[in-house]
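**Student:** Below are the sequence and a predicted model for it; my questions follow.
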Amino acid sequence: MGGVHRLGTRLKDEDVRGLRVGDVVYFSGELYTMRDMAHLRAVEILRDKGRLPFDLRGKVIYHCGPLVRGRKVISAGPTTSMRMERTEPEIIHLSGLRGIVGKGGMGRGTLEALRKFGVVYLEYPGGVGALAARSSKGVKKAYWRDLGDPEAVWVIAVEDFGPCFVTMDAHGETLRKECLSS
C-alpha cells in the first residue's frame, strides 16, 4: 500500500508526479463531473474553439452523473470510466486537466496520455454514492444541462472526497493490466 495524500483539486505538476500506483488521495476543492456526452461535446468544442466554457487546466474531473436536488448532491457514485476511453486521451491533451476519478480503470490510450501529459487516474469505490455525497459541500455551477442532468457537467465543492486510489499514474504504471487490451 502506498502513501496517503490530501490534495486540492488544482493540481500542480509536482502533486501529480508525486503520486504512485497504490497511493490513496482525499481531495478538497472542486470536482467537475463528466460522463460520455460531456466528453463528446468537450472534444468537439476544444477542436473547434480551443477552449471550454469552464477551465479544466490543472483540475480534476469525476466520471459521475450525480443525483442533485437544488444545490444539494444526494448521490455521486462513479460511473464506468472505460466508456470514456475513446475520448479521454484527447480531452487530456486539449484541456490541460491533471486528474481523473472514476471506476474500473481505463485503457492503453489513456495510460499513454497520462504519462505524456502528467495526469493521474484514480478510482473511487463503486456502490457508495451516498458516501461521496457526504463529502459534497454543494453544487457551485452546472454546464450543458441540455444533455440531461446525468450527462451535464456539475461543478461540485468537496471536502475530503475519498478515498480515491491511484490505479494509473503519470509514470506509466497501472494496477489494471487487463484494461490495456483495449
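**Tutor:** Arrived safely.
**Student:** All the strands of this protein, in order from the start?
**Tutor:** Using DSSP state E, the strands of the chain run over 4-8, 24-33, 60-62, 67-69, 72-75, 99-102, 120-123, 136-143, 153-168.
**Student:** and the fifth one, C-alpha only, in PDB?
**Tutor:** This means strand 72-75. Taking C-alpha atoms only, strand 72-75 is exported to PDB below (Å, rounded to 0.1, in the frame of the first residue of the first chain):
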ATOM      1  CA  LYS A  72     -27.500  19.600  -2.800                       C
ATOM      2  CA  VAL A  73     -25.800  16.400  -4.000                       C
ATOM      3  CA  ILE A  74     -27.900  13.400  -3.000                       C
ATOM      4  CA  SER A  75     -25.700  10.700  -4.500                       C
END
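**Student:** For it, name the packing helices and strands.
**Tutor:** strand 67-69, helix 129-135, strand 136-143 (3 or more C-beta pairs under 8 Å, 6 or more residues apart in numbering; DSSP states H and E). Every C-beta, even on glycine, is put in place using the N, C-alpha and C of the backbone.
**Student:** and if we set it to 10 Å?
**Tutor:** strand 67-69, helix 129-135, strand 136-143, strand 153-168 (3 or more C-beta pairs under 10 Å, 6 or more residues apart in numbering; DSSP states H and E).
**Student:** and what of the third one?
**Tutor:** Using 3+ C-beta pairs under 10 Å, 6+ apart as the contact criterion, the secondary-structure elements in contact with strand 60-62 are strand 24-33, helix 36-49, helix 88-95, strand 99-102, strand 120-123, strand 153-168.
**Student:** Tell me which of those lies nearest to residue 145.
**Tutor:** Ranking the helices and strands packed on strand 60-62 by proximity to residue 145 (C-beta to C-beta) places strand 153-168 first, at 8.9 Å.
**Student:** May I have stretch 102-114 as CSV, with CA atoms only?
**Tutor:** The C-alpha coordinates for stretch 102-114 follow below in CSV (Å, rounded to 0.1, in the frame of the first residue of the first chain):
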residue,chain,number,x,y,z
GLY,A,102,-13.7,7.1,-12.0
LYS,A,103,-14.4,3.4,-11.7
GLY,A,104,-12.9,0.3,-13.3
GLY,A,105,-9.8,1.6,-14.9
MET,A,106,-9.1,2.8,-18.4
GLY,A,107,-7.2,1.6,-21.5
ARG,A,108,-3.8,1.9,-23.2
GLY,A,109,-4.6,5.2,-24.9
THR,A,110,-5.4,6.9,-21.6
LEU,A,111,-2.4,5.4,-19.9
GLU,A,112,-0.1,6.8,-22.5
ALA,A,113,-1.8,10.2,-22.3
LEU,A,114,-1.4,10.2,-18.5
